[in-house]
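Enquirer: Structure here, sequence nowhere to be found:
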């Protein structure tokens, strides 16, 4: 993925925004209509949603018995429900799990290969839709939502994911002349927040002695200027921030 992005930039001067992968959800509205939503921005208002259904899969994992415990834990953490377990040989086992497709598209395969040292095969097929408790998680920068970072996520996982997103973005967004508030929100409720502190210029450096009121006047002028910048300033989100979301553990 990174190689393709780099080539697009070098050869065509194109900046690619990498978004959190999503699946298609089926929404039943309060009026009885059924609509298919392909990304979080297309979600109807919360008051108009009667039910959200997400696609489920039957996953088949074949691995060595040494890694069975780790594989079971990974699948359960991904909201999987074990259907059966079969020993193919004395040291190879097949497990079948029913789990949401949205848990697979993000980082499941990478983690599976990591915990099994490469000795695990994975296959799946769709089984249909099931109702789930999902929430739209928005990331706000100085109160403005960033659509590319929005995601539909299982409600019980939303707080941890939102907190990690804020912490990661705090590391990657460059400091400005004004404070940048990074917030994770579900609807109007803020569930996590981090702040990128402003770069501070020493405006009193040119004051050598004299009345303290001179320094205070310069500091007040700086404070007013930063307040004005915060009102009109726009935050530039680097490409590395969008990429880091995909690598978030």
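Expert: On my side now, so go ahead. It should be emphasised that the depicted structure is a prediction, and the values quoted were computed from it without experimental measurement.

Enquirer: All the helices of the protein, residue numbers only.
Expert: 2-12, 68-77, 108-115, 158-172, 212-232, 239-247 (DSSP state H).

Enquirer: what number of residues lie near the residue nearest to residue 132 when sequence neighbours are not counted?
Expert: If the residues on either side of it in the chain are set aside, residue 132 comes closest to residue 54, at 4.9 Å by CB to CB, 6 or more residues apart in numbering. From N, CA and C alone the C-beta is placed, and that goes for glycine too. Using other CB atoms under 10 Å, residue 54 is surrounded by 19 other residues.

Enquirer: list the contacts for residue 54?
Expert: By CB atoms under 8 Å, 6 or more residues apart in numbering, residue 54 lies in contact with 23, 25, 26, 100, 101, 102, 129, 130, 132, 134.

Enquirer: repeat that for 6 Å
Expert: Neighbour list for residue 54: 25, 100, 102, 132 [criterion: CB atoms under 6 Å, 6 or more residues apart in numbering].

Enquirer: Would you map out the domains in the protein?
Expert: 2-132, 135-247 (automatic domain parsing).

Enquirer: Can you flag the weakest of those by average pLDDT?
Expert: If these are sorted by mean pLDDT, domain 135-247 sits at the bottom with a mean of 75.

Enquirer: Off-centre distance for the longest strand seen in the chain?
Expert: Counting by DSSP state E, the longest strand found in the chain is strand 49-64. For strand 49-64, the separation from the chain centroid amounts to 19 Å (computed by CA atoms, centre = their mean, to the nearest Å).

Enquirer: What of stretch 91-98?
Expert: On CA atoms, centre = their mean, the centre of stretch 91-98 falls 29 Å from the chain's centre.

Enquirer: ok, now stretch 17-34?
Expert: Chain-centre distance of stretch 17-34: 17 Å, with CA atoms, centre = their mean.

Enquirer: please renumber so the chain begins at 505
Expert: Understood, numbering begins at 505; the last thing we discussed is stretch 521-538.

Enquirer: before we move on, the earlier item: neighbour count and distance to residue 582 for the contacts of residue 558 - can I get that in TSV?
Expert: Formatted as TSV, the contacts of residue 558 follow (neighbours: other CB atoms under 10 Å; distance: CB to CB, whole Å):
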residue	neighbour count	distance to residue 582
529	22	17
604	19	8
606	24	9
636	18	13
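
Enquirer: contacting residues for the residue nearest to residue 585 when sequence neighbours are not counted?
Expert: Of all residues not flanking residue 585 in the chain, residue 602 sits nearest, at 4.9 Å (CB to CB, 6+ apart). Listed by CB under 6 Å, 6+ apart, the contact partners of residue 602 are 562, 585, 587.

Enquirer: try 10 Å
Expert: 560-563, 579, 583-587, 628, 631, 634 (CB atoms under 10 Å, 6 or more residues apart in numbering).

Enquirer: Separate out the buried members of these.
Expert: Neighbour counting by 16 or more other CB atoms under 10 Å classes 560, 561, 563, 579, 583, 584, 628 among these as buried.

Enquirer: My guess is the first one contacts residue 587. True?
Expert: By that I understand residue 560. No - using CB atoms under 10 Å, residue 560 is not in contact with residue 587, being 11.6 Å away.

Enquirer: What are the buried residues along stretch 522-540?
Expert: By neighbour count on 16+ other CB under 10 Å, the buried set for stretch 522-540 is 522, 523, 524, 526, 527, 529, 530, 531.

Enquirer: burial measure for residue 669, as a count.
Expert: 24.

Enquirer: gap between it and residue 689?
Expert: 11 Å (CB to CB, to the nearest Å).

Enquirer: With residue 573 instead?
Expert: 37 Å.

Enquirer: Give the residue from these two that has the larger number of neighbours.
Expert: residue 689 (20 against 10).

Enquirer: List the single closest residue to the more buried one in space, sequence neighbours excluded.
Expert: Residue 689 sits nearest to residue 642 (CB to CB, 6+ apart), 4.9 Å away.
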